Structures are given as structure tokens and as C-alpha cells.
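Colleague: Give me a 3D structure for the following:
(one chain, ligands or ions: 1)
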Amino acid sequence: MRLIKKESSAKIHKMFPIPFEEILAKIKAELTDLKSNGKVATYIPELAKVSPDFFGMHIFTTDERDFSFGDNTTVFSIQSISKVFTLAVCLSVVGEKLFDRVGVEPSGNAFNSIVQLEKEKGIPRNPFINPGALVMADILLSTLKNPYEDYLNFIRKITDNENIVSSERVANSEFETGFMNASLVNFLKYHGNINNDVEEVLKFYYFHCAFELSCRDLAHAFKAFADHEEIFEFGEVKLSKTLVKRVNSIMQTCGFYDEAGEFAYKVGLPGKSGVGGGIVAVHPLFYSVAVWSPPLNEKGNSVKGMMALERLTALTGNSIF
Ligand code: DON
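Modeller: Just a heads-up that it's a prediction; the model follows:
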């Protein structure tokens, strides 16, 4: 966590001032009442109960200013956004050895596709598709001393919020109905790419997917990936410059599964989505941003969330491209 205010982030914002308040007011006015054809995820029964009308957005700048609107402090199920956190922890604890067991190439397939895994003999294409995240869950179970406690403490530290929890209700709901993930983990085990008991791996995977954070929490946590001046450290986890570069590049190429190209084209920032309707993105050196709107498109990404981020980079006139 930041203890001393760094001068360079303040300088960057002085040189390239962005009128965040006006821009967010515009996005709020344009999108709040917009009806999309998106659908709230129903394959996890607990997620089906969430109102489609929630809409919130939160920006946290590298010089620590907050800008937001709507339901930015309401917590929601972060689902696959958690895979960025597990990737950061895995890279911290096992380093590049992670890539003996999972690749870094975009999949161009759905997040829960089994077809590619069969062709590639149990080595998932990247850490963000479900099989890749299951391999990371297996690694964390084997390497963290107290996996559940250590991971919870890490999330509380990176969000700077001691009240954060994982929802047992959501995790159990997915455990009871996640037949595809059960197939994927068994398939991985068959190929020798899972060391722990398959049920234990699924339980830890559902535990990290079921964390409930607000847009504010996410924007604050992802500052660690936007701010190259400050290195987040907690226990074994150290988000060095190289690690952040690697994680951001995997977000850029794989964060939206078979819609990664579309997100890069329209938004132009590294980001990660989750089926709870959240999306997080970072503009390195400038800000981290989180948006939440539960209705999803058929690729599993928030419809309004994508629109809001597209408007953000259009209105700021600034993306990584
Ligand atoms: O395993 C699943 O299907 C969910 N726990 C996570 C999927 C997800 O969030 C995909 N992202 N858009």
C-alpha cells in the first residue's frame, strides 16, 4: 500500500489533465437508462437473483483521486475478475514455472471450452480461461501455507478493505451446478496437470470467484496494476514492475476470451471481465477503473460495462494505443 505520495503520478496528471468528473457525468447520463439485450448470468443459480438494473462505475487515479457514479459501493460477485488476483499470487510464489503448466496465448474460445484443452493435451491456453484458472487454484493449494486464509488476507490488503468476504452461498451454488468445470478439472487431472484432489481444487476455485467487491474496491485494488511507481508487497506476494507488465499484457490479450479483440479495438485498455457483470481495466500510469452492470452479452461480458469503457477512452481521447 502507498505510504508516501509519489511525485511522478501527480506530474503525469498535471501534464495530461483528464476531466474525469465531467466524463463520468456524461457516461452516466448516456447509459443509465439504456435498455440492452443483455441477460444476467443464470448458470450459477445465485447470480440469477441479481437485479439487472445495477449500474456503477469508479475510477481511482494513480495520484489517488476517486471519481464515481451509481452503484459504485455496492458489492457484487467478481467471478473471473478474481483470476487476475490468482495470477498475480501464482507468479509471485512460483514465478515463470507457472508457464510449464499453462500458456499465454489468447484462446479465441469461450471461457469454459473443453475442445481446445483436448487438442492441447491438458495445457490450458492461458490463465484466464477456466482450465487455466483451475490449474492456478491447484498451484495455490499446493504452495500457500493456509490457502483460504492467506488468499483472503491478500484480497483485503490489496483492496485496503478489511470487510471483504467470499460468499459461501455463491460458491456452493456453483459447486452444486458446475458440471463443466468438474469435467475440465477431471480432464486436466487425466493429463497430469492437477496435483490435488479435484473437489478440493474446485472448492478453492469457487471460493476465489465468489469474492464480493464493489467497483470502488476493484478500482482501488487494481491501482497496483496501473501505478508503475509503487510496488505492492504483502507476505509472499510482490507485484514487481515485470510482474505487473506480464499480468497487464495477459489481460490485454486474454481478458475477454473470444471477445478480447473487440475489447482491445473498442476500449484499448488491458482489462478483465466476470460473469457477475463487472469489468475492471487499467490505464497504466493514469488510473484503474471498474464498472458493473449485470446483463451480459453472449460471450459472457457486461454489455453496458463494455459500452461505458468504450465511452471512457473515447471521451478522454486516451488509451494505451
Ligand atoms: O467458472 C465459472 O464459470 C465462473 N465461476 C467464472 C466465469 C467468468 O466469470 C467468466 N467471465 N466472464
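Colleague: Which of the helices or strands spans Phe263?
Modeller: Element membership of Phe263 [criterion: DSSP states H and E] is helix 260-266.
Colleague: Please name the nearest non-neighbouring residue to Thr86.
Modeller: Here the nearest residue to Thr86 in space, its sequence neighbours aside, is Met136; by C-beta to C-beta, 6 or more residues apart in numbering that works out to 4.7 Å. Bear in mind the C-beta positions are built from the backbone N, C-alpha and C, glycine included.
Colleague: Contacts only, for the one you found.
Modeller: Taking C-beta atoms under 8 Å, 6 or more residues apart in numbering, we find Met136 in contact with Lys83, Thr86, Leu87, Cys90, Leu98, Val102, Pro127.
Colleague: thought the first one was touching Pro131?
Modeller: Right, the one you point to is Lys83. No: taking C-beta atoms under 8 Å as the definition, Lys83 is not a contact partner of Pro131, at 11.4 Å.
Colleague: Low-confidence ranges, the protein, go.
Modeller: Across the chain, residues meeting the criterion (pLDDT under 70) sit at 1-6.
Colleague: Run through the strands of it in chain order.
Modeller: Along the chain, counting by DSSP state E, strands occupy 56-61, 66-70, 76-77, 165-166, 211-213, 232-234, 237-239, 271-273, 278-283, 287-292.
Colleague: Residues contacting the second one, please?
Modeller: Read that as strand 66-70. Counting by C-beta under 8 Å, 6+ apart, the neighbours of strand 66-70 from elsewhere in the structure are 20-21, 24-25, 27-28, 32, 54-61, 215-216, 219.
Colleague: Next, the nearest residue to Ser319 once chain neighbours are set aside: phi, psi?
Modeller: Setting aside the residues directly before and after it, Ser319 is nearest to Gly268 in space (C-beta to C-beta, 6+ apart), at 2.9 Å. Main-chain torsions, Gly268, degrees, to the nearest 10: phi 80, psi 30.
Colleague: which ones are touching Gly268?
Modeller: With contacts taken as C-beta under 8 Å, 6+ apart, Gly268 has the following neighbours: Thr313, Ser319, Ile320, Phe321.
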